[in-house]
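Participant: sequence-free structure coming up:
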């Protein structure tokens, strides 16, 4: 397991080196970004990459373990016949086919004929037989016939088109001897530049934590300042109106909105003083809804700095006849809390004692 982890770590580091080499080439080709800013970006990307290394190794080990279990569980069949001679075919090897999401990972089992027939046959672990995709002629796009001949470590594929007569060959070399081995002379140097050590990663994490805490502090200060700015000190002069003063205010307010015969009922007291309002709309062109909206808006504005409030939902207009209800508050504390709730801010209340 340790050896596998070392291999995966090296694979991850090589990919990291190539990624930062590309970024470095782009910076040299298009140096519009200031060098100091580029260095900061590179540092944080190196940190992000280093933090992802552990997860990559852990996930890869888990994937490899699942693949090994899948390969081990796929057992070859013993009765696969050659399609040419009907002789029993020999199991050769297993091959894992993976999918992007891992949900369609399957094992392909390959069989060969003792008589060296080519091609052989292959079946997935769920019993489905594998069939090669048909090739098409590169000139006329017709389906071609493919002949396969193996000689040592080389397999020659010959595609013949019966429609236009075009023939194409390609050779697959199974030997590892002839493959070029690329030596990266700069890898060790670049790995030291672009891949963080455990100590460097710890330092990066400490620095990022401090930066995040600083950002939280700055954000908290900004939010408090914005909150204090939006919750400005409001100096409101509250008029504690008596009933007769209320009648004058309501009558004048509604008459300005073209209502006539404004009347207030005798007050009732059920913990709060309540008074009914009636009036007639003198604007014949106005609908009841428009009349209701006009009266409600005007009364709410007129009563906003008094100890009286419209009862919610009480205003109604039917055929031009308005009816509503107003509630009175006698406690300065109640009025203060009411204004605070309505203004949504700090309120400094000046009570008009002369009108009480």
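Facilitator: Arrived safely, thanks for sending. Being a predicted model, the structure only gives us computed values, none of them experimental.

Participant: tell me how far the helix or strand containing residue 299 is from the chain's mean position?
Facilitator: Per DSSP states H and E, residue 299 falls inside helix 288-303. For helix 288-303, the distance from its own C-alpha centre to the chain's C-alpha centre is 45 Å (CA atoms, centre = their mean, to the nearest Å).

Participant: what residue ranges in the chain score low on pLDDT?
Facilitator: Using pLDDT under 70 as the threshold, the predicted model of the chain has low-confidence ranges 1, 174-181, 227-237, 343-356.

Participant: At which residues are the strands of it located?
Facilitator: When assigned using DSSP state E, the strands of the chain occupy the ranges 90-97, 106-112, 121-124, 145-151, 154-160, 167-173, 234-239, 259-264, 268-269, 273-281, 308-310, 316-318, 321-328, 347-352.

Participant: Just the residues contacting the first one, thanks.
Facilitator: Among residues not part of strand 90-97, those counted as contacts by CB atoms under 8 Å, 6 or more residues apart in numbering are 67, 70-71, 74, 76-78, 80, 105-114, 120, 124. Placement of C-beta: from N, CA and C, glycine included.

Participant: now do 7 Å
Facilitator: If you take CB atoms under 7 Å, 6 or more residues apart in numbering as the criterion, strand 90-97 is touched by 67, 70-71, 74, 76, 105-112, 114.

Participant: could these be laid out in CSV, adding neighbour count?
Facilitator: Output for the contacts of strand 90-97, formatted as CSV (neighbours: other CB atoms under 10 Å):
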residue, neighbour count
67, 15
70, 16
71, 14
74, 18
76, 16
105, 16
106, 16
107, 19
108, 16
109, 20
110, 18
111, 19
112, 19
114, 11
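
Participant: Pick the one among these closest to residue 150.
Facilitator: Within the set of the contacts of strand 90-97, residue 112 lies nearest residue 150; the separation is 10.2 Å, counting by CB to CB.

Participant: For the residue nearest to that closest one when sequence neighbours are not counted, grab phi and psi.
Facilitator: If you skip the residues right next to it in sequence, residue 112 has residue 120 as its closest partner in space, 4.3 Å away by CB to CB, 6 or more residues apart in numbering. As for residue 120, its main-chain torsions (degrees, to the nearest 10) stand at phi -90, psi -150.

Participant: what comes up buried for the longest helix anywhere in the chain?
Facilitator: Secondary structure assigned by DSSP state H gives helix 35-73 as the longest helix of the chain. Of the residues in helix 35-73, those buried under the neighbour-count criterion (16 or more other CB atoms under 10 Å) are 38, 42, 46, 47, 49, 50, 53, 57, 60, 70.

Participant: what's the neighbour count on residue 191?
Facilitator: 16 (other CB atoms under 10 Å).

Participant: separation between it and residue 42?
Facilitator: Residue 191 sits at a distance of 15 Å from residue 42 (criterion: CB to CB, to the nearest Å).

Participant: so how far is stretch 8-16 from its chain's centroid?
Facilitator: Counting by CA atoms, centre = their mean, stretch 8-16 is centred 29 Å from the centre of its parent chain.

Participant: swap in stretch 263-283?
Facilitator: Between the centre of stretch 263-283 and the centre of its chain there are 55 Å (CA atoms, centre = their mean).
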